[in-house]
Each structure stands twice: as structure tokens, then as C-alpha cells.
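In: give me a model of this one.
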Amino acid sequence: MATTPELIHGYISAGLECTHLEVDGDGQHFTAVIVSPAFAGKRPIQRHQIVYAALGDRMREEIHALSMKTLTPEEYQG
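Out: Numbers count the residues shown, from 1 in each chain. Got it, this is the predicted structure:
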């Protein structure tokens, strides 16, 4: 089964509390805007690691390229 933005959306939302989540892509390359309170006080690399943990092995097996914008709810509002 081909990886779709909807699948990635489901994977992330199942493993991470998100107040806003957008995923777009063409089946090979994906972009995501992820807003989560879990990112509070975290550096960008730590935020990405949280998303990678939510995706688990899918990051190696299904998702070849994922560009992320990770924000706290406060950052997203402002």
C-alpha cells in the first residue's frame, strides 16, 4: 500500500497529542505542520525526535522524506 498524507496524519495523531496537524505530499516527499503541547521547552531537534518516535519504524520503511514544521500551540497562535 502506498503511503499517503492521510496515513501519515493518522500515524502522527495516534502517537502524539496535536492541536493542529496538516500533512501534504506526493507519495514520496511529505511536509507536515505539527502543533503540539509536547513541544514546549524543546529544541527543534528534540521536537523532530518526538515526531520520529510517534512514527516509529515507518520513518525507515514507508516514509522516505518528511519535512516538518513543529510548533507549540502558543507559537502557532502568534
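
In: buried ones in the helix or strand bottoming out on mean pLDDT in the chain, by neighbour count?
Out: Every helix and strand of the chain was ranked by mean pLDDT, DSSP states H and E. The lowest is helix 58-61, at a mean of 87. Buried residues in helix 58-61, defined by neighbour count with 16 or more other Cβ atoms under 10 Å: Arg58. (C-beta placed from N, C-alpha, C; glycine too.)

In: and what of stretch 44-51?
Out: Buried residues in stretch 44-51, counted by 16+ other Cβ under 10 Å: Arg47, His48, Ile50, Val51.

In: can you tell me which residues contact the last one?
Out: Listed by Cβ atoms under 8 Å, 6 or more residues apart in numbering, the contact partners of Val51 are Ile12, Leu16, Ala32, Ile34, Met68, Thr70.

In: now do Leu66
Out: Counting by Cβ under 8 Å, 6+ apart, the residues that Leu66 touches are Ile8, Phe30, Thr31, Ala32, Leu55, Met59.
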